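Peer 1: just a sequence and a predicted model for now, questions to come.
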Amino acid sequence: MTVHQQPAEAYRALLPFLPTEVEPDGVTVAEADFARSCFSSVPFKMARFTVPPGGTSSPDQHAVREIWVVQAGSGTLVVDGERSSVAPGSVVGFPSQSVHEVFADRGEELIIFSFWWSAPDA
């Protein structure tokens, strides 16, 4: 008995993004469009956002849980008043209702991927 396998190319398709939105503070946000991808049904949402040098994301608080992955740049992350540094490769998670924002205060643009989903906090 042989098992039919999908060609590897089926899993290497580029993930399309919805049109980029520019916020008043210069932060850009583009949400992933999973509906038009080879992964049309995923249990989370995703976006890529950029913070210009010297800029900041607006403080954010919501009911969903979230993870950020820093792709490029470095800066200062503030979560519920606690400060820490982030740089390429940093991965940070936020429980629901935590207040979080990031500052591109190191003279370079920050590029961050955000993943979020509805789930009870454990």
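Peer 2: Happy to help now that I have it. Residues are numbered from 1 along each chain as shown.

Peer 1: what about the strands in this structure?
Peer 2: 21-22, 28-31, 45-51, 65-72, 75-79, 82-86, 91-94, 100-103, 110-117 (DSSP state E).

Peer 1: CA atoms of the fifth one as PDB?
Peer 2: Output in PDB follows, covering the C-alpha atoms of strand 75-79 (Å, rounded to 0.1, in the frame of the first residue of the first chain):
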ATOM      1  CA  GLY A  75      14.000  48.600  20.000                       C
ATOM      2  CA  THR A  76      12.200  48.600  23.300                       C
ATOM      3  CA  LEU A  77       9.200  46.600  24.100                       C
ATOM      4  CA  VAL A  78       6.800  47.600  26.900                       C
ATOM      5  CA  VAL A  79       4.300  45.100  28.300                       C
END
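
Peer 1: mean confidence for it?
Peer 2: Averaging pLDDT along strand 75-79 yields 97.

Peer 1: same check on the first one?
Peer 2: For strand 21-22, the mean per-residue pLDDT is 92.

Peer 1: sorry, back to before: and the strands of the chain: which comes nearest residue 15?
Peer 2: strand 45-51 (8.0 Å; C-beta to C-beta). C-beta coordinates here come from the backbone N, C-alpha and C atoms, glycine included.
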